[in-house]
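**Student:** This is the structure alone, sequence omitted:
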């Protein structure tokens, strides 16, 4: 009987010690997980093209510094496109920049073909002929409307609203002093400067209500800065 009581006391003592030990362990803080170079936090990849212009340079030309730079990179067939949209506080002053190269491991002549389709004389003349045909059809429709109005045949809502022409001009404007070759194309809202430099094409677009000469001056100034970093 005395042995049984002693055994019971030893068991209770052991359980009490384990309980205190477990309680103390709950107060020990767990080690914090620290990010290392081998496992960095996930980040949205940034287009390299966003580094071609600085906020100070944009402010110098556009009067406002960058509010946000949104970049992307993707492949388009045999070409590699790297784009950055520099959004300014006044949205209409924002600038879009794109760098075009042949895709790695692709056809080395892809960039030459890209340039030829846009600025080779035959391609330009084909676009100009298409535009002339379109303008001729528009003149014919306008003459028909004039005849209908003169005859009192115009009906309210009888003609479809003309679509706004956002296509680029058929005849690009040659620009000197940039890269190997440079051309400006434009529509009613946007002027786009294309510059060929080695194995790269820089494409820079300026929008707004300004006339084409003013847009060309700004696009040329920004392109000259961007070309130094290509």
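**Tutor:** Right, received. Where do you want to start? All of these numbers come straight from a predicted model, not from anything done at the bench.

**Student:** Now do the contacts for the residue nearest to residue 69 when sequence neighbours are not counted.
**Tutor:** Leaving aside its sequence neighbours, residue 69 sits nearest to residue 50 (CB to CB, 6 or more residues apart in numbering; 4.3 Å). Quick note: C-beta positions are derived from backbone N, CA and C, even for glycine. Residues near residue 50 by CB atoms under 8 Å, 6 or more residues apart in numbering: 69-71, 84, 86.

**Student:** If we use 10 Å, what do you get?
**Tutor:** Shown in contact with residue 50 (CB atoms under 10 Å, 6 or more residues apart in numbering): 66, 68-72, 82-86, 97.

**Student:** Can you tell me which helix or strand of the protein has the lowest average pLDDT?
**Tutor:** helix 2-26 (a mean of 51; mean pLDDT, DSSP states H and E).

**Student:** Could you report the separation of residue 144 from residue 152?
**Tutor:** 14 Å (CB to CB, to the nearest Å).

**Student:** that's a helix at residue 138, yeah?
**Tutor:** Yes - according to DSSP: H, G, I helix; E, B strand; the rest coil, residue 138 belongs to a helix.

**Student:** what about it, how many neighbours?
**Tutor:** Neighbour count of residue 138, defined by other CB atoms under 10 Å: 12.

**Student:** does the residue nearest to residue 69 count as helix, strand or coil?
**Tutor:** Classification of residue 50 by three-state DSSP places it in helix.

**Student:** got the residue ranges for the helices in the chain?
**Tutor:** In the chain, the helices defined using DSSP state H lie at 2-26, 55-62, 110-119, 121-150, 212-227.

**Student:** got a winner among the contacts of residue 50 for most neighbours?
**Tutor:** For the contacts of residue 50, neighbours tallied by other CB under 10 Å; top is residue 86, 26 neighbours.

**Student:** what sits against that one?
**Tutor:** 49-50, 52-53, 55, 57-58, 62, 64-71, 93-97, 222.

**Student:** repeat for residue 72
**Tutor:** 45-47, 49-50, 81-85, 98.

**Student:** shaky segments in this structure?
**Tutor:** Residue ranges of the chain with pLDDT under 70: 1-46, 121-136, 143, 147, 153-170.

**Student:** Kindly recompute the last result at 90.
**Tutor:** 1-47, 76-77, 104-108, 117-172, 187-189, 208-210, 230 (pLDDT under 90).

**Student:** Switch the contacts of residue 72 over to CSV; also include distance to residue 209.
**Tutor:** Shown next, in CSV, are the contacts of residue 72 (distance: CB to CB, whole Å):
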residue, distance to residue 209
45, 35
46, 31
47, 28
49, 26
50, 26
81, 28
82, 29
83, 24
84, 23
85, 19
98, 23
